[in-house]
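Enquirer: Fold the following, please.
(chains A and B)
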Amino acid sequence: MKCESVVEQIRALAEGSLPRDEKTACMNHIAGCQDCADALRGVRAMLVVRDQATVPGSERVFNRVMSKTSYDPHEQASRRGFWLGAGFSGAIAASLLAVAFALGLLNSVPEVKPQAAEFFVSLQEVRPMNIAIEADRLLENAEISILLSGDVEIDGFGARDQLSWVESLEPGINQLTLPIRAIGARGGQVVVRLTHPHSEQIFVVQLKMDS
Amino acid sequence: MKWLGADKNRFAELMRPHFDALFAAAQRMTRSAADAEDLVQDVCLKAHMHIDELENIEFQRAWLLKTLYHRFIDVQRSRERSPVDMADTGADSNDPDYLERVGSRPDDLVERDKRLETIFRAMEILGHEASSLLALHDIEGFSLEEIRQVTGLPEGTLKSRLHRTRSRLGRLLSNQDIHKPVLTVVGGKK
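Expert: Purely as a prediction, here's the structure:
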């Protein structure tokens, strides 16, 4: 018997379902072949994983996962409390990132100058990152895009590293709150991009680990 | 970026036949219903972004499970990097209801968890492609022909890779060094 034959039979051998004659031939080969003996150990390990008991996924779990996955971004962003619109309490105002960005005059300054700030994240807790967006007038249908990189995630969105939706900005300060969680030690970065016809602003927040 | 707010039903219909298999695979890897749900959600997010591609794949379940195993390796790696001891986050190991459902005693679970941790550490070392090939064939029971249709690799290539990966896993598991943290010399005289 050759190794190629063992490849096809080794799983049945590990499961104990190989006919007696084939089992004997297979075991004789394995006794003299270290590679196939290692392979048998590898297959047995996979069967240990396979044979673990599991509980079936309920309809409730399915619905929960679906509701977090397929969603209307505007509805979801509002429902999750990302977008608080204009006006907020003094307590929240105190926690806003120091750098706010303004759209300024439309039809002017096409150059995009990213502004930056820092925010400290933690592995132990989800932290709300509050960003102020200043608009000098009512700006309807402004698109807000969030790009995430590094060892961080937006709570409840798992591996999703991009979010985008359309909002109307009220004149004055509008607040965006993102619940940020660290998932590793490297920290990361959030880029908030705000676009409106003839105007664009980019805001970069460096996410550092809270020591 | 594509959003499917108006297509929730389309996505749910696509996922429903595979959900139990995904959730079971995720539980086997994470040993926690809560972590399994997070893992499946990550897979669904990725599937959601590739819905057009996924709808045209014959072996959708193999694609989804392959994505799940890739994501699991990523999560394992990020936990390795994390200064927080994630070993305690498998909260279900202490949940009496969960223990009753899976029919195991706590002592058995501790031993089994140690064994599984070693296997998963070895899978992490093997990497995405090798680990998912092994898992799809030896855990999930997909044939090489089915895996060929998902990966696009010739069956002969898959067969030799499967054997090589099984052997490598076996060697890793017989090597006690896998249990030890890796130390790197960063300075000083020899």
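Enquirer: where does B:Asn175 land on pLDDT?
Expert: pLDDT recorded at B:Asn175 is 79.
Enquirer: just the one 5 residues further on next, same as before
Expert: B:Lys180 carries a pLDDT value of 47.
Enquirer: and what of B:Ala12?
Expert: 88.
Enquirer: again with B:Ser82
Expert: Reported pLDDT for B:Ser82: 48.
Enquirer: try A:Ser89
Expert: pLDDT, A:Ser89: 45.
Enquirer: quick one: contacts for the residue nearest to B:Glu55 when sequence neighbours are not counted?
Expert: Spatial nearest neighbour of B:Glu55, excluding adjacent residues (CB to CB, 6 or more residues apart in numbering or on different chains): B:Leu14 at 6.4 Å. C-betas here are computed from N, CA, C, even on glycine. Shown in contact with B:Leu14 (CB atoms under 8 Å, 6 or more residues apart in numbering or on different chains): B:47, B:51, B:54-55, B:60.
Enquirer: For B:Leu14, give its distance to A:Met66.
Expert: For B:Leu14, the distance to A:Met66 equals 10 Å [CB to CB, to the nearest Å].
Enquirer: can you give me the strands for chain A?
Expert: A:83-86, A:101-102, A:115-121, A:127-135, A:139-150, A:152-154, A:162-169, A:172-182, A:188-196, A:199-209 (DSSP state E).
Enquirer: Would you map the helices across chain B?
Expert: In chain B, the helices defined using DSSP state H lie at B:8-30, B:33-49, B:51-55, B:60-81, B:96-102, B:106-126, B:128-134, B:144-151, B:155-174.
Enquirer: list the contacts for B:Glu124?
Expert: B:73, B:76-77, B:80, B:131.
Enquirer: In the chain, which residue is most central in space?
Expert: Going with chain A. A:Ala159 (2.4 Å; CA atoms, centre = their mean).
Enquirer: meant chain B actually
Expert: Central residue of chain B (CA atoms, centre = their mean): B:Tyr69, at 3.0 Å.
Enquirer: So that one sits against B:Leu133, correct?
Expert: No - B:Tyr69 is beyond contact range of B:Leu133, at 9.1 Å (criterion: CB atoms under 8 Å).
Enquirer: my guess is B:Asp138 meets A:Leu47, correct?
Expert: Yes - contact criterion CB under 8 Å: B:Asp138 and A:Leu47 qualify, at 7.0 Å.
Enquirer: and these two? which has more neighbours close in?
Expert: More crowded of B:Asp138 and A:Leu47, by other CB atoms under 10 Å in any protein chain shown: B:Asp138, with 24 against 14.
Enquirer: How about that one, nearest residue that isn't a chain neighbour?
Expert: Counting by CB to CB, 6+ apart, the residue nearest B:Asp138 is A:Met46, at 3.7 Å.
Enquirer: What is the neighbour count of the one you found?
Expert: 22.
Enquirer: Check the one 5 residues further on too.
Expert: Here the count is done by other CB under 10 Å, and A:Asp51 has 11 residues near it.
Enquirer: For it, give its distance to B:Leu153.
Expert: In terms of CB to CB, A:Asp51 sits 28 Å off from B:Leu153.
Enquirer: for the chain, what are the low-confidence residue spans?
Expert: Going with chain A. Applying pLDDT under 70 to chain A flags the ranges A:70-116, A:198, A:211.
Enquirer: Chain B, not that one
Expert: Ranges of chain B meeting pLDDT under 70: B:1-8, B:78-109, B:176-190.
Enquirer: run the last query once more with 50
Expert: Scanning chain B for pLDDT under 50 picks out B:1-6, B:82-94, B:180-190.
Enquirer: Surely A:Val48 touches B:Ile119?
Expert: Yes - A:Val48 is in contact with B:Ile119 according to CB under 8 Å; the separation is 6.6 Å.
Enquirer: Look at the two and report which has more neighbours.
Expert: Regarding A:Val48 and B:Ile119, a neighbour count based on other CB under 10 Å identifies B:Ile119 as having more, with 21 against 15.
Enquirer: Who are the contact partners of that one?
Expert: Contacts of B:Ile119 by CB under 8 Å, 6+ apart are A:45-46, A:48-49, B:169, B:173.
Enquirer: now those residues as TSV including distance to A:Arg186?
Expert: What follows is the contacts of B:Ile119, written out as TSV (distance: CB to CB, whole Å):
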residue	distance to A:Arg186
A:Ala45	31
A:Met46	31
A:Val48	32
A:Val49	29
B:Leu169	29
B:Leu173	30
